[in-house]
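J.: Requesting a structural model of the entry that follows:
(chains A, B, C and D)
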There are 2 protein chains.
Amino acid sequence: MKAVLFLALHTNDNQKWMVKDIYSRINVPQSYLAKILQELSKRDVISSSRGPKGGFYLSEANFDLPLIKIVDVIDGKQRLRSCMLSIKECDSDNPCALHDLVGNTNSEFIKRLEQTTILDLISDVKEGKSVLPL
Amino acid sequence: MKAVLFLALHTNDNQKWMVKDIYSRINVPQSYLAKILQELSKRDVISSSRGPKGGFYLSEANFDLPLIKIVDVIDGKQRLRSCMLSIKECDSDNPCALHDLVGNTNSEFIKRLEQTTILDLISDVKEGKSVLPL
DNA sequence: TCCTAAATCTGATTAATATCATATTTTAGG
DNA sequence: CCTAAAATATGATATTAATCAGATTTAGGA
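T.: Here you go, the predicted model:
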């Protein structure tokens, strides 16, 4: 998430970012960042190009992706969506003891991740409404 | 959480529960359950007595504990309460890019964990409003 | 008082995740 | 077409969390 937001904030038409120039700026270990970015790239959350002048960046399409996409790619779709007591048959018809307590607030959270795009977030940052890492 | 809810539902004045009689009923590995219950007991979330006729159970006081206590003991207080981007200075005055998106829904979640007691949850179960494990 | 059944304590093992290292592929530029 | 710079792929190591095993303490009952 930090890496994507970093790219969102610093990508421009003629600049791509290499792992070695990002990791220290967002306090993430270099090798771990590399693996994460490669995964995100493979799953089309971010973009990349190889070779000299290459690096990671966000395409127009990437900017419009909802944040949930990042979460789903990194953590898997079930992480946010499965029963907190890991009960298989848990749903609104057959709610576990925690279903309602967790459910409302959790689905609200998911909804926000679905409705908010990367672009939305960095717009806030650029308008000074929020701040980013380091 | 599953174990505590199990105890809440099955504790009565003259019955205590041993690890070996619980673990298979809630689908949790025996050794792991033992360690968890011991930790919960040490931190006064649940009660226990040693020796023959001993076991784990909930005292009156335990029943009135808010769910947040379980989470805090097992996961540590920071787990639910620290910045999602792990930014040290992140707060409402200096919000990170995700602060508002996460914050509202997260503090609502925490509030519910603080306001709901173990007793509340199992009352629902006993009234048939929700179901429990297996 | 002794035996046994239980939790407790401690350290070891296993599994999962994070991190590292390095060889391979791709591509811009000479 | 060659070279160097970048991502990519793959496997190894390190760290953390989950699980196991066994020795120790406590308490009930004969």
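J.: tell me what the helix or strand of chain A with the lowest mean pLDDT is packed against?
T.: In chain A, no helix or strand scores lower on mean pLDDT, DSSP states H and E than helix A:78-81, which sits at a mean of 88. Counting contacts by 3 or more C-beta pairs under 8 Å, 6 or more residues apart in numbering or on different chains; DSSP states H and E, helix A:78-81 is packed against helix A:99-115. Where you see a C-beta, it was placed from the backbone N, CA and C, and this is true even at glycine.
J.: any idea of the mean pLDDT for the helix or strand just after the helix it packs on?
T.: Downstream of helix A:99-115, the first helix or strand assigned by DSSP states H and E is helix A:118-126. Mean pLDDT, helix A:118-126: 93.
J.: now stretch A:90-103
T.: Per-residue scores along stretch A:90-103 average to 88.
J.: Now it: buried residues?
T.: Across stretch A:90-103, burial judged by 16 or more other C-beta atoms under 10 Å in any protein chain shown covers A:90, A:95-103.
J.: Farthest pair within these?
T.: Spatially, the most separated pair among the buried residues of stretch A:90-103 is A:C90 and A:L101, at 12.5 Å (C-beta to C-beta).
J.: hmm, the least confident helix or strand of chain A touching DNA strand C?
T.: No - using C-beta under 7 Å from any atom of the strand, helix A:78-81 stays clear of DNA strand C, coming no nearer than 9.1 Å.
J.: ok, A:K35 to A:S41 distance?
T.: Separation of A:K35 from A:S41 (C-beta to C-beta, to the nearest Å) stands at 11 Å.
J.: hmm, I was thinking of A:V73
T.: With C-beta to C-beta as the criterion, A:V73 and A:S41 are 10 Å apart.
J.: just A:S82 next, same as before
T.: For A:S82 relative to A:S41 (C-beta to C-beta), the value is 27 Å.
J.: of those two, who's got more company?
T.: It is A:S41, of A:S82 and A:S41, that has more neighbours when counted by other C-beta atoms under 10 Å in any protein chain shown, with 16 against 13.
J.: Tell me the residues on chain A that lie near DNA strand D, please.
T.: Residues of chain A lying near DNA strand D (C-beta under 7 Å from any atom of the strand): A:16-20, A:34-35, A:37-38, A:41-42, A:48-56.
J.: ok, 6 Å please
T.: Neighbours of DNA strand D within chain A, by C-beta under 6 Å from any atom of the strand: A:18-19, A:34, A:38, A:41-42, A:48, A:50-52, A:54-56.
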